[in-house]
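Asker: Give me the fold of what follows.
(3 chains)
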Amino acid sequence: MEPVAIVGVGQTRYERQKRGDTFADMIFEVTSKALEDAGYAISDIDNVITVSNDFWDGRTISSMAVMDACGAFGKCVSTVEGDGAFGALYGMMRILSGQFGTTLVVAHGKGSESAMNLITNAMFDPVYQRPLGLDAISSAALQMRRYMDKYGVTERQCAMASVKNHANARRNPLAQLPMEITLEDVMGSRKLAEPIKLLDCSPITDGACALILANGDRACKAEVAPVWIRGVGHCADPFFLGDRDLAECAALRTAAKKAYAMAGVNDPKAGIDVAEVYDAFSYQELMWTEGLGFCGPGEGGELIESGKTATDGELPVNPSGGCLSAHAMMVAGLARIAEAALQVRGDAGDRQVPGAKTALAHGVNGPCGQSHCVFVVSSELG
Amino acid sequence: MEADWLKDAEEMVLKSRIKIPYTWYVGETGGRFFVDIRDNKRITGTRCEKCGINYVPPRKTCGRCFSDLDDSWREVGPGGVVESFTVVHYHEVSHPKDPPVIYGLIKLDGADTALVHLLAGVEPGEIRTGMRVKAVFAEKREGHMKDIEGFVPAEGS
Amino acid sequence: MGKRVAIVGVGQTHHKSCRRDVNGVELINEAVRRALEDADLTREDIDAVVIGNMDHFEGINYVDTWSVDGAGALGKPIMKVTTGGTTGSTVAQAGYYHAASGLFDVVLAIGWEKNSESDTTGAITTAFDPVWDRPVFAGAISGLAIEASLYMSQYGATEKDAARVAVRDRRHACNNPYAHLRKEITVEEVMESPMLSYPLKLMDICPRTDGACAVIFANENRAEKICPRPAWILGAASSHDYTWLGDVDFTRMGTIEEAAKKLYEQGGITEPLKQVDVAELYLPYSFAGLKWIEYIGFCKPGEGPRLLWDGVTDMDGELPVNPSGGVISSNPIGATGLLRVGEAAWQLMGKAEGRQVPDAKLALTSGFGGCFWSEMMVLGVRKPQ
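Answerer: Residues are numbered from 1 along each chain as shown, chains lettered A, B, ... in the order given. As a prediction, this is how the structure comes out:
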């Protein structure tokens, strides 16, 4: 695979409600930040991939809202509708095709402007599931229960992800919810859909993220050390919740395997220095660490209890605070890649994992983690 | 440098709704499923012989091997086993009733895939995965998922 | 360097106003199975899937995850792309880039729409900014009507000139068993059809259609093993310039011109009218068939009508346009742009039954969306160097 690097990163502060910013304002902010990071001018961008969702934005062809703000005027631009990580993957394909030397990938989401439960209800089949009123939280609860039942993982172990990640967020100036909370705080928080409690959930967030990708030649002209994309993979599980064992994430295993093979990572426990995974709910961090091979099936609870995924552990997970601390829809997976890039560049400020050279980033689309996208990035070309 | 007038800028908000009416065609396969529920109080699925899977709700085509499943109807349930459940405490306009709303993933007898539906007639604290439940059909049925009112505890739990 | 890519199979549904017999996933599956059959492949042979439609027409959120069973994407990579009316061509481009990247050898690209399931105008209106543009926007047709009026006043073109475009496309559709509208019409009938928004009448514009299209792209690692005579992608270009309704320059078609220019550079085309053998163009209404072909470079601005009346774009003309019947005969929005690419591929593969342009070697396709997105492709029988 030809080398493709991340040469610029930009994120807004993630907030509950960005009252002064439209979608375009947020995209302009992150595009400007990413360009500055890379030391590029907008003319250095050969093509643009935007990421947005028509339901969340309340606009069909939602990409229209941000075209001028990301400098796409007159350029080759396309739109991925799904988590931002998938957008980054498409942006990378554009470069690998040989037709473009650089791609700007932008994603935005304003949870404050939409009715979350109704919008996530709309991801279910209108005939068989939607009339029951199912949404992201109630479906996730079905998954959490099944996961706990099958493997004996406990609510307390899941709660540890929330405690860890909110604490990590205290070192991330961009995070929405830096909090010092205890396991008791999580266990005692308001029950939403049992066993999911308020502090098991990611928040409603407004925010945007931009990434600039470049081929080998153009990466050398950027002002920061390139972060090489060493491996990628994406994969989807069946749609109907009852068609799969919700305690398993076969699609993630497949996607990760592909990314690891490309990256030459034989054992992720050894080969990955830090991971940013898509923890939309506390239990999901545990499940995804299994799917990513950080531990065996059903061992996610033991793993988090061991402290290995703490920031001072062997394989820190979500030093940025993860989705639990800031979850702008359509953005969060791209933000995981941005954070992973900052880590291997040594630019992650107070949340820096010392000596990180190879990082994993992960994005999710669809109900109960149906579709996954995995990136392995490194400061080394390999 | 932020311009002066921005300090006193008034925050304006436009509230709106998107109201688009939808007419979802259920298709012939789905139609047969609902007609059987409406007219006969029978739940059915289709079987992929090649993959050995009885699908509920029924499928026209097997997603795994693309076999046609038009001729492979099977009756399933009305009893089954709870594979997972959740008790929902918040209220949403899309919910069929006031909280608590209880969802379950029910593996109907004879089916290989679980069906998401409502659990009823049971105290939230008494639901267990693995418990047996059976479908209760609505008095007035129209060919809709709600023709099944929900699943209640059955013997053999 | 990227891989060279060809189209090795195409499938589409028989397009209709309303497909009551299937749900959306089943509609998608129909086109997918036909494409696999066309290429003599199975689901196992597909390495990645890309899908597109225009969300609010069916009201399904996350169509990529909802459709996996029908799209053949179980246990496989899938992503969704969407750009409004251009979605079909965006899907084609995505299919191409997936394969050209070398990450995937065989890629299934799917475009679909079940317009019968919603209120089209209601849905399209939500494309526009809620604060500035939506309150005055009266549906897609208003923008087109403005363009048509301006074109007539700029060049003295008439409604009858435009009607000749609709007559051509509808006549061509009679040769296409998949087309939605398969009845010939006359210039008089177009002129007498109900006025919708001056100067556009009912028969000047495209229908609402339920339909799906699937196109299989394969890169050079597999293309020739799968298909002895694939349609190679020689170039792909796109341009976009929408900001706000009031910013639009209706006197030209800037993005088509830009995209065509980029495309011809890639494909080595200097005289499109001479070099191109067949064109499948996204012409959603009659006047587009006069004006947009000028910006694609078939003739100078204002000369569109002459090309039409001289029969240059008819089946027996120098450059047949829309042998399939085009958008005016079938418009399943998410599929429409992809159908242009699929039909062009079939022309080059010699599989365009009943509507085959003899000896077609070089084909041109275009996609266009309501927010002035233009996407174009050149396809050829000869493998690029």
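Asker: Get me the contact residues on the stretch 1-150 of chain C for chain B.
Answerer: Along the stretch 1-150 of chain C, the residues adjacent to chain B under the rule C-beta under 8 Å from any C-beta of the partner chain are C:18-23, C:26, C:29, C:33, C:36, C:42-43, C:56, C:58-59, C:68-70, C:72, C:74, C:114, C:116-119, C:122-123, C:126, C:130-131. Every residue, glycine included, has its C-beta placed from N, CA and C.
Asker: Quick check, central residue of the chain?
Answerer: Answering for chain A, as no chain was given. A:Gly333 (2.1 Å; C-alpha atoms, centre = their mean).
Asker: should've been chain C
Answerer: Closest-to-mean residue, chain C, C-alpha atoms, centre = their mean: C:Gly337 / 2.3 Å.
Asker: A helix includes that residue, no?
Answerer: Yes - according to DSSP: H, G, I helix; E, B strand; the rest coil, C:Gly337 belongs to a helix.
Asker: for the residue lying closest to it once chain neighbours are set aside, helix, strand, or coil?
Answerer: By the measure of C-beta to C-beta, 6 or more residues apart in numbering or on different chains, the closest residue to C:Gly337 outside its immediate chain neighbours is C:Gly88, 2.7 Å from it. Counting by three-state DSSP, the backbone at C:Gly88 sits in helix.
Asker: picking that back up, the residue nearest to the centre of chain A and chain B, how far apart?
Answerer: Separation of A:Gly333 from chain B (C-beta to the nearest C-beta, to the nearest Å) stands at 25 Å.
Asker: what about that residue, distance to A:Tyr14?
Answerer: The spacing between A:Gly333 and A:Tyr14, counted by C-beta to C-beta, to the nearest Å, is 14 Å.
Asker: on that earlier part again, is the helix or strand where the residue nearest to the centre of chain A lies in proximity to chain C?
Answerer: In this assignment (DSSP states H and E), A:Gly333 forms part of helix A:332-345. No - taking C-beta under 8 Å from any C-beta as the criterion, helix A:332-345 and chain C are apart, separated by no less than 11.7 Å.
Asker: Kindly report the same for stretch A:139-151.
Answerer: No - using C-beta under 8 Å from any C-beta, we find that stretch A:139-151 stays clear of chain C, coming within 11.9 Å at best.
Asker: What are the buried residues along that stretch?
Answerer: For stretch A:139-151, a neighbour-count test (16 or more other C-beta atoms under 10 Å in any protein chain shown) marks A:Ser139, A:Ala140, A:Ala141, A:Leu142, A:Gln143, A:Met144, A:Arg145, A:Arg146, A:Tyr147, A:Met148, A:Lys150, A:Tyr151 as buried.
Asker: Close to chain C: what parts of chain B are there?
Answerer: Residues of chain B lying near chain C (C-beta under 8 Å from any C-beta): B:14, B:16, B:18-30, B:59-61, B:63-66.
Asker: just the buried members of the residues you listed?
Answerer: Buried members of the residues of chain B next to chain C, scored by 16+ other C-beta under 10 Å, are B:18, B:20, B:24-27, B:29-30, B:59-61, B:63-64, B:66.
Asker: ok, which of the residues you listed also contact chain A?
Answerer: With the criterion set as C-beta under 8 Å from any C-beta, the members of these near chain A are B:Ile18, B:Trp24, B:Val26, B:Gly30, B:Gly63.
Asker: and of those, the nearest to chain C?
Answerer: Nearest to chain C among these is B:Gly63, at 3.1 Å by C-beta to the nearest C-beta.
Asker: Which secondary structure element is home to the closest one?
Answerer: Per DSSP H and E, B:Gly63 falls between elements, in no helix or strand.
Asker: per-residue confidence for the residue in chain C that chain A sits nearest to?
Answerer: Nearest residue of chain C to chain A: C:Thr65, at 3.0 Å (C-beta to the nearest C-beta). You'll see C:Thr65 listed with a pLDDT of 97.
Asker: so who does it touch?
Answerer: Taking C-beta atoms under 8 Å, 6 or more residues apart in numbering or on different chains, we find C:Thr65 in contact with A:Met123, A:Ala236, A:Phe239, A:Asn365, A:Gly366, A:Pro367, A:Gln370, A:Ser371, C:Ile78.
Asker: Go through the residues you listed and say which is closest to chain B.
Answerer: Using C-beta to the nearest C-beta, A:Phe239 comes nearest to chain B of those, at 8.2 Å.
Asker: burial count for the closest residue to chain C within chain A?
Answerer: Taking C-beta to the nearest C-beta, chain C has its nearest neighbour within chain A at A:Gly366, 3.0 Å off. Neighbour count for A:Gly366, taken as other C-beta atoms under 10 Å in any protein chain shown: 23.
Asker: Now it: closest residue in space, sequence neighbours ignored.
Answerer: Closest residue to A:Gly366 apart from its sequence neighbours, by C-beta to C-beta, 6+ apart: C:Thr65 at 3.0 Å.
Asker: On the three-state scheme, that neighbour is what?
Answerer: Classification of C:Thr65 by three-state DSSP places it in helix.
Asker: Likewise for B:Gly104?
Answerer: strand.
Asker: tell me the contacts of it?
Answerer: B:Gly104 touches B:Val82, B:Glu83, B:Ser84, B:Phe85, B:Val116, B:His117, B:Leu118, B:Leu119, B:Ile127, B:Val133, B:Phe151, counting by C-beta under 8 Å, 6+ apart.
Asker: contacts with chain A among those residues, please.
Answerer: B:Glu83, B:Ser84, B:Phe85, B:Val116, B:His117, B:Leu118.
Asker: residues making contact with the helix or strand where the fourth one lies?
Answerer: B:Val116 belongs to strand B:115-118 when elements are defined using DSSP H and E. By C-beta under 8 Å, 6+ apart, the residues outside strand B:115-118 that reach it are A:128-129, A:132, A:134, A:139, A:142, A:240-242, B:56-57, B:80, B:96, B:101-108, B:145, B:148-151.
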